[in-house]
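Asker: Here you go, sequence then predicted model.
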Amino acid sequence: MAKAIIIGDGPAGLSAALYLAKNGVDTMVFGQDKTAMHHAHLYNYLGIPSISGPDFQKVSRQQVAAIGAELVDALVTAVEKTDSGFTVSVEEGATYAADYVLLAEGKARKLALALGLAETEDGIAVDQDFRTAVDGLYVVGRGTRTGRSQAIISAGQGASAAIDILSTLEGEDFRDFDEVVE
């Protein structure tokens, strides 16, 4: 089974985790629930007329955990590309291996910059599926659009990156459609 590590637990990271875990990818989300969402109120998120950022985070984290992703309260200090994927190190000294890494670390982009990823005037350089120049490494959320941050855009980026990973694993375009059960 493929394994994905997501670094960042705001809308981009949690959205990616939802799609990956729902579709059988062993998914870990590293974050300390300190996202900028705790300073927001959403009036412009499709399908949700109004919700406070803290409430949105609470519901989103519960949804992602219920679908099977593991939420890890730890600060990631380093990401290293290896021959077989990636090694992720946390402040306490533990390391974790993954086939895919999604950086959803916000506008600071510390890990992305430490990996030497190229930048544009907007943020980290990614393609339309949020892939970086490093195979298996994605950047989503504010790190790609530092001046134009919206929760729904970030969530869409996380979903797009997750669908790209799922397509890669399937060897063909992957679609995540849920059908109405009558």
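Answerer: That came through fine. No experiment lies behind these values; they were computed from the predicted model shown. Numbering: from 1, shown residues only.

Asker: now the lengthiest helix in the chain, how far from the centre of its chain.
Answerer: Criterion DSSP state H: the longest helix present in the chain is helix 151-170. The chain centroid and the centroid of helix 151-170 are separated by 8 Å under Cα atoms, centre = their mean, to the nearest Å.

Asker: Kindly state the pLDDT recorded for the residue lying closest to residue 45 once chain neighbours are set aside?
Answerer: Leaving out its chain neighbours, the residue that sits closest to residue 45 by Cβ to Cβ, 6 or more residues apart in numbering is residue 152, at 5.1 Å. In short, each C-beta sits where N, CA and C put it, glycine included. At residue 152, the model reports a pLDDT of 90.

Asker: hang on, the earlier thing: which positions within the longest helix of the chain qualify as buried?
Answerer: Neighbour-count burial for helix 151-170 flags 151, 153-166, 168-169 (criterion: 16 or more other Cβ atoms under 10 Å).

Asker: the bottom helix or strand of this protein by mean pLDDT?
Answerer: Lowest on mean pLDDT, DSSP states H and E among the helices and strands of the chain sits strand 41-42, with a mean of 90.

Asker: Contacts for that one, please.
Answerer: Applying Cβ atoms under 8 Å, 6 or more residues apart in numbering, the contact partners of strand 41-42 are 48, 50-53, 56, 151.

Asker: among those residues, who's most crowded?
Answerer: residue 151 (24 neighbours; other Cβ atoms under 10 Å).

Asker: How about it, nearest residue that isn't a chain neighbour?
Answerer: Per Cβ to Cβ, 6+ apart, closest to residue 151 is residue 11, 4.5 Å.
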